[in-house]
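**Student:** My questions are about this predicted structure, shown below with the sequence.
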Amino acid sequence: MSKAALMIFQKNAIPGKVKTRLAATVGDDLALEIYHWLVAYTHQVAREIKLDKFLFYSDFIPEDSNELFPGYQFEVQCGSNLGQRMCNAFEFLFAKGYSNVVIIGTDCPDLQVSDLNKAFLALSQNDLVIGPAKDGGYYLLGKSCFCPEIFKDIPWSTSRVLELTLDRADNANLNYEFLKILSDVDTFEDWKVFSSKNNITHE
């Protein structure tokens, strides 16, 4: 039976270091508040998935991690850019014997449990599963093989991330399946659209 794991990439909650594009409009304090909300929502969804879970922090493992996220295993991301950090994390879990691995961040408040279930189901028949984001990136990536080439020379945080990732996958003869397109929250406009749609208010 295949061994599956969910990875969550999460920045340490340091004012001025999270949601920087959002903070440019709303300030560090509100950006941090929104970030905490997004993180809490992400873990609310992840808790429903009964698989091994790994939380990869950006800088360090906080002392209260076990209390906040019981049942998780904790690691620190390593690498000079997002691609290297994701590649290293996938390599780490495949080396531990996992054969189906899905990674998500904490930026997608439209993510549902059903999306994660569909991702793991898709990996039973595909090398990759991809959750495309409306901004041209992706909110989820799943792999049933290591395939580090899909992270090479990608201009992260641009609208070409998904397009170039698919180019790399095609060149490597990898087969893949898409999930539905969802929105990330990176800017104030993103948050305005999401919060008004869901009647979320803040000070």
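**Tutor:** Received the coordinates, thanks. Numbering: from 1, shown residues only.

**Student:** Contacts only, for residue 128.
**Tutor:** 141-144, 147, 150, 169, 174-177 (C-beta atoms under 8 Å, 6 or more residues apart in numbering). No exception for glycine: its C-beta is placed from N, CA and C like everyone else's.

**Student:** just the buried members of these?
**Tutor:** Neighbour counting by 16 or more other C-beta atoms under 10 Å classes 141-144, 147, 150, 169, 174, 176-177 among the contacts of residue 128 as buried.

**Student:** closest to residue 23 among the residues you listed?
**Tutor:** Nearest to residue 23, judged by C-beta to C-beta, of those is residue 141 at 25.8 Å.

**Student:** Shouldn't that closest one be within a helix?
**Tutor:** No. Under DSSP: H, G, I helix; E, B strand; the rest coil, residue 141 sits outside any helix and is assigned strand.

**Student:** so it sits right up against residue 131, yeah?
**Tutor:** Yes. Residue 141 is in contact with residue 131 according to C-beta atoms under 8 Å; the separation is 7.4 Å.

**Student:** Strands of this protein, residue ranges please.
**Tutor:** 4-10, 52-57, 73-76, 100-104, 128-132, 138-143, 176-178 (DSSP state E).

**Student:** could you dump those strands to CSV with distance to residue 160?
**Tutor:** Formatted as CSV, those follow (distance: least, C-beta to C-beta, whole Å):
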stretch, distance to residue 160
strand 4-10, 20
strand 52-57, 24
strand 73-76, 28
strand 100-104, 19
strand 128-132, 13
strand 138-143, 12
strand 176-178, 17
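
**Student:** got the ones you listed as TSV, with distance to residue 159 and mean pLDDT columns?
**Tutor:** Output for the strands of the chain, formatted as TSV (distance: least, C-beta to C-beta, whole Å; pLDDT from 0 to 100):
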stretch	distance to residue 159	mean pLDDT
strand 4-10	20	98
strand 52-57	25	98
strand 73-76	29	98
strand 100-104	20	98
strand 128-132	12	98
strand 138-143	12	98
strand 176-178	17	98
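
**Student:** tell me the angle of the lengthiest helix in the chain relative to strand 100-104?
**Tutor:** Scanning the chain for the longest helix, with DSSP state H as the assignment, gives helix 28-46. Between the axes of helix 28-46 and strand 100-104, defined by axes from the mean of the first three to the mean of the last three C-alpha atoms, to 10 degrees, the angle is 150 degrees.

**Student:** Could I get the contacting residues of the residue nearest to residue 65 when sequence neighbours are not counted?
**Tutor:** Nearest residue to residue 65, sequence neighbours excluded (C-beta to C-beta, 6 or more residues apart in numbering): residue 74, at 5.3 Å. The contact partners of residue 74, taken as C-beta under 8 Å, 6+ apart, are 54-57, 61, 65-66.
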